[in-house]
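Asker: model this:
(2 chains)
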Amino acid sequence: MNQFLRSLSPTEQVAALFLIVFGLLVIVSTTVFFLSFKERRNPVHDESWQAELAHVRALLGTTWFMVIVFWIGWALGETVATVLFALISFFALREFITLSPTRRGDHRSLILAFFVVLPIQFWLVATARFDLFTVFIPVYVFLAIPVASALANDPSHFLERNAKLQWGIMVCVYGMSHVPALLLLTFPGYEGKSAFLVFFLVFVVQTSVLVQHLISRRMQRTPFAPNVSRSFNWTSWGIGIVVASLVGALFSFITPFKFGQALAVSIIACVAGSMGHLVMKALKRDRGIPNWGQKGVGVTGANGLLDRVDALCFAAPIFFHSIRWYFNV
Amino acid sequence: MLAKLTGWLLLGIVRLLTGAQARWYGCPPKAEQRIYFANHQSHADLVMIWAALPEELRSITRPIAARDYWANTPVKRWITTEVFNAVYVERAATAPAAAAAPVAPPPPEVRPPAASNAPAERIEPSMEPLLPIETITVAEAPQEIQGQLDLPAPPPPPPPVAPPPVIEPDAPVAAPEPPAADPLAPLIDALRSGDSIIIFPEGTRGHTGEPQKFKSGLYVLATMFPDVVLVPAWIDNVQRVMPKGEIVPVPILCSVTFGAPIRVEDGEERRPFLDRARAAVIALRDV
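Answerer: Predicted coordinates:
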């Protein structure tokens, strides 16, 4: 099996990976579909069971959506993939700004963020201008945004408003733009397979978040920072990191890393991702909302997007820089 | 064809920028004849509520547009008629009158019905700082007087079907200006032909969160067409997308919440009804 997979060309390997993922998803979705016919005798149990199922279905829906997005991105090439991530970043930033009150004086800065900074950042990524795209936002944009705000002649809450906007750009644009940037890294002997790197990152980070979530539900530990997250505690966090890193290390064969290296970068990505998740939870708490996205049912499908990608937004830049620095690619 | 394409393009842009979510609380989206009445915060309100309606309803629902703003260039006129299928109302005639005579009771009386359309757009982007204040004071003051004056007089319970007589109860008070062109007439025509309409009964775009007092046009229409369902709607967040004076919109999620229909109770007076309608709109803010 392994030998067979190795004999395939990189493109075929990626295709096989997607086939496996889609196959797994089909199996899980069908199982859940048939499970929904099952009735519990006790009506109370039945209700909670149905609620649980609905939750799982929602999760599955998101997973399908993400996998299909990745698949389209890979199938249509790097440029399309970058555009896709730019769109995701746009929707995430839209959600972030919606829930962070802005004033009239912020309007020009917002235009700058959405219609100038975001396109330029992703254009820099698409054209592989590594030197510029890693500093464009932290250096140039972060100094330009307050200037635009100051010119709007509204000093009230000036620092807060700018910090909000800069933070939104940092997470939603800067963080997200590092995901497609992985596609452009060229490891020697690893050409054409950078899609695996993206898959690796997303997979490992999501695993750690998911395992933490499940574990903290099973074993009720006292939360470490109850005002921020009622589920976060060091035990489940540690287990999540360990499990996800081991899984990442096992998947080292799809990456250019050796076992130990894969373990190390997995740990880095997981710690960054889970901490990012925690930070975004604190932001949500500050806004007094349980999750990002407009209350109610969404028409655009973009609702709660930030909840799905926040861990990734934190993990991607750190993952990117650490491997770029270490491997010197 | 071109209109349809433009409509789709516009819809795409609005969805991309605002999400244009419709939240139906209190009533389902349904193809019955309705008057949607909503709070008014921004130019984009009209587009927003149009985009939030489902496709099937969009074609039978006509927003109100002020002719002097929306028909003053060929492009705007084309978009409002072909894409939005809007109903034009005149407000040019009434606005100067208001400005001219903020003082006395006699002339302003004609306005109340007119006032209900003026809401559709009060847009003078260039003169931002002055205009709103002016319009509010001018428009509100006579409105007050009007309400009081009317209380004793109007109840000749509006004859339900025949429209021309109904305009009378309001008009006669204002003898001097004969119902030059009744500003409500286009709306009445639209309703009589079976379309639903979208109106903004506030008069001006508010700059505070609370909608201002409702003008009486809603009451007039409601009593004239007792069978038409009155649906309150709250448009949320649009003022952030494009504040007054800005021309480039910013992407921020917005929503339109539709509430439970209300109706004019038997013998209900104008002011209590309008206050109740306003409360119904405000109540949707926190749903």
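
Asker: what residues does the stretch 51-200 of chain A put near chain B?
Answerer: Residues of the stretch 51-200 of chain A lying close to chain B (CB under 8 Å from any CB of the partner chain) are A:90, A:93-95, A:97-98, A:102, A:104, A:107, A:110-111, A:114-115. C-beta: built from backbone N, CA, C; applies to glycine.

Asker: Helices - which of those residues land there?
Answerer: Among these, the residues falling in helices (DSSP state H) are A:90, A:93-95, A:97-98, A:107, A:110-111.

Asker: could those residues be laid out in a markdown table, adding distance to residue A:140, pLDDT and neighbour count?
Answerer: Formatted as a markdown table, these follow (distance: CB to CB, whole Å; pLDDT from 0 to 100; neighbours: other CB atoms under 10 Å in any protein chain shown):
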| residue | distance to residue A:140 | pLDDT | neighbour count |
| --- | --- | --- | --- |
| A:90 | 20 | 93 | 22 |
| A:93 | 18 | 92 | 25 |
| A:94 | 22 | 90 | 26 |
| A:95 | 25 | 87 | 26 |
| A:97 | 20 | 88 | 24 |
| A:98 | 26 | 85 | 21 |
| A:107 | 21 | 90 | 22 |
| A:110 | 17 | 93 | 25 |
| A:111 | 16 | 92 | 17 |
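
Asker: Tabulate those in a markdown table, adding columns for distance to residue A:73.
Answerer: Below are those laid out as a markdown table (distance: CB to CB, whole Å):
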| residue | distance to residue A:73 |
| --- | --- |
| A:90 | 15 |
| A:93 | 19 |
| A:94 | 20 |
| A:95 | 21 |
| A:97 | 25 |
| A:98 | 25 |
| A:107 | 32 |
| A:110 | 27 |
| A:111 | 28 |
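
Asker: and of those, the nearest to residue B:270?
Answerer: The nearest member of those to residue B:270, counting by CB to CB, is residue A:98 at 37.8 Å.

Asker: Thought residue B:255 was touching that closest one, still the case?
Answerer: No: with contact defined as CB atoms under 8 Å, residue A:98 and residue B:255 do not form a contacting pair (10.0 Å).

Asker: Now distance to residue A:214 too, for the residues of the stretch 51-200 of chain A next to chain B, in a markdown table please.
Answerer: A markdown table is the format used below for those (distance: CB to CB, whole Å):
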| residue | distance to residue A:214 |
| --- | --- |
| A:90 | 31 |
| A:93 | 30 |
| A:94 | 30 |
| A:95 | 26 |
| A:97 | 32 |
| A:98 | 30 |
| A:102 | 37 |
| A:104 | 45 |
| A:107 | 43 |
| A:110 | 38 |
| A:111 | 42 |
| A:114 | 36 |
| A:115 | 40 |
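
Asker: Can you tell me how far the residue in chain A sticking out farthest from the centre is from residue A:49?
Answerer: Largest separation from the mean C-alpha position in chain A: residue A:41, at 39.9 Å (CA atoms, centre = their mean). Applying CB to CB, to the nearest Å, the value for residue A:41 to residue A:49 is 11 Å.

Asker: my guess is residue B:22 is in a helix, correct?
Answerer: No: per DSSP: H, G, I helix; E, B strand; the rest coil, residue B:22 lies outside any helix segment and is strand.

Asker: Nearest spatial neighbour of it, chain-adjacent residues omitted?
Answerer: Nearest residue to residue B:22 in three dimensions, chain neighbours excluded: residue B:52, at 4.0 Å (CB to CB, 6 or more residues apart in numbering or on different chains).

Asker: Next: residue A:118.
Answerer: Nearest-residue entry for residue A:118: residue A:173, 5.2 Å, with adjacent residues in sequence omitted and distances by CB to CB, 6+ apart.

Asker: does the one you found count as helix, strand or coil?
Answerer: With three-state DSSP as the basis, residue A:173 sits in helix.

Asker: before we move on, what about residue B:49?
Answerer: helix.

Asker: And it, what's its pLDDT?
Answerer: Listed pLDDT for residue B:49 reads 88.

Asker: Contact partners for it?
Answerer: B:36, B:38, B:63, B:198, B:233, B:235, B:256 (CB atoms under 8 Å, 6 or more residues apart in numbering or on different chains).

Asker: all helices of chain A, in order?
Answerer: With DSSP H as the criterion, chain A has helices at A:2-7, A:10-35, A:43-75, A:78-99, A:107-112, A:118-126, A:130-133, A:142-151, A:158-168, A:176-182, A:194-218, A:234-250, A:259-287, A:305-327.

Asker: The stretch 151-287 of chain B too?
Answerer: Taking DSSP state H, counting those that start in this stretch, the helices of the stretch 151-287 of chain B run over residues B:163-170, B:185-192, B:217-224, B:238-241, B:270-283.

Asker: For chain A, which of these is the nearest?
Answerer: Across these, chain A has its closest neighbour in helix B:238-241 (6.3 Å, CB to the nearest CB).

Asker: Can you spell out which helices and strands pack onto that closest one?
Answerer: Judged by 3 or more CB pairs under 8 Å, 6 or more residues apart in numbering or on different chains; DSSP states H and E, the packing partners of helix B:238-241 are helix B:2-18.

Asker: Residues in contact with the helix it packs on: which ones?
Answerer: Outside helix B:2-18, the residues touching it (CB under 8 Å, 6+ apart) are A:299-300, B:20, B:44, B:47-48, B:51, B:78-79, B:82-83, B:237-238, B:241, B:249-254.

Asker: So which of those belong to strands?
Answerer: Within those, no residue falls in strands by DSSP state E.

Asker: out of those, which are buried?
Answerer: Buried subset of these (neighbour count, 16 or more other CB atoms under 10 Å in any protein chain shown): A:299-300, B:20, B:44, B:47-48, B:51, B:79, B:83, B:237-238, B:241, B:249-254.

Asker: Which stretches in the stretch 1-150 of chain B count as strands?
Answerer: For the stretch 1-150 of chain B, the strands defined by DSSP state E, counting those that start in this stretch cover B:21-24, B:34-38, B:61-66, B:87-89.

Asker: partner strands of the last one, parallel or antiparallel?
Answerer: Meaning strand B:87-89. With DSSP bridges as the test, strand B:87-89 is paired with strand B:61-66 (parallel).

Asker: can I get the CA coordinates of the strand it pairs with in PDB?
Answerer: Extracted in PDB, the C-alpha atoms of strand B:61-66 (Å, rounded to 0.1, in the frame of the first residue of the first chain):
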ATOM      1  CA  THR B  61     -43.100  44.200  -3.800                       C
ATOM      2  CA  ARG B  62     -42.500  47.800  -4.700                       C
ATOM      3  CA  PRO B  63     -40.300  50.200  -2.700                       C
ATOM      4  CA  ILE B  64     -41.100  53.900  -2.500                       C
ATOM      5  CA  ALA B  65     -38.600  56.300  -4.100                       C
ATOM      6  CA  ALA B  66     -38.700  60.000  -4.000                       C
END
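
Asker: How about it, which residues are buried there?
Answerer: Using 16+ other CB under 10 Å as the test for burial, strand B:61-66 gives B:61-66.

Asker: That strand vs strand B:34-38, what angle?
Answerer: 50 degrees (axes from the mean of the first three to the mean of the last three CA atoms, to 10 degrees).

Asker: Backbone dihedrals for the residue farthest from the centre of chain A, please?
Answerer: The phi/psi pair for residue A:41 (degrees, to the nearest 10) reads phi -70, psi -50.

Asker: Kindly compare burial across the helices of chain A and name the winner.
Answerer: The highest average neighbour count among those, using mean count of other CB atoms under 10 Å in any protein chain shown, belongs to helix A:176-182 at a mean of 25.

Asker: which residues touch that one?
Answerer: With CB under 8 Å, 6+ apart, helix A:176-182 has contacts from A:78, A:81-82, A:85-86, A:88-89, A:92, A:121-122, A:124-126, A:130, A:133, A:194, A:197-198, A:201-202, A:309, A:312-313, A:316-317, A:319-320.

Asker: give me the low-pLDDT residue ranges for the chain?
Answerer: Defaulting to chain A. Applying pLDDT under 70 to chain A flags the ranges A:1-2, A:5-6, A:290-303.

Asker: Not quite, go with chain B.
Answerer: The model of chain B has pLDDT under 70 over residues B:91-181, B:203-209.
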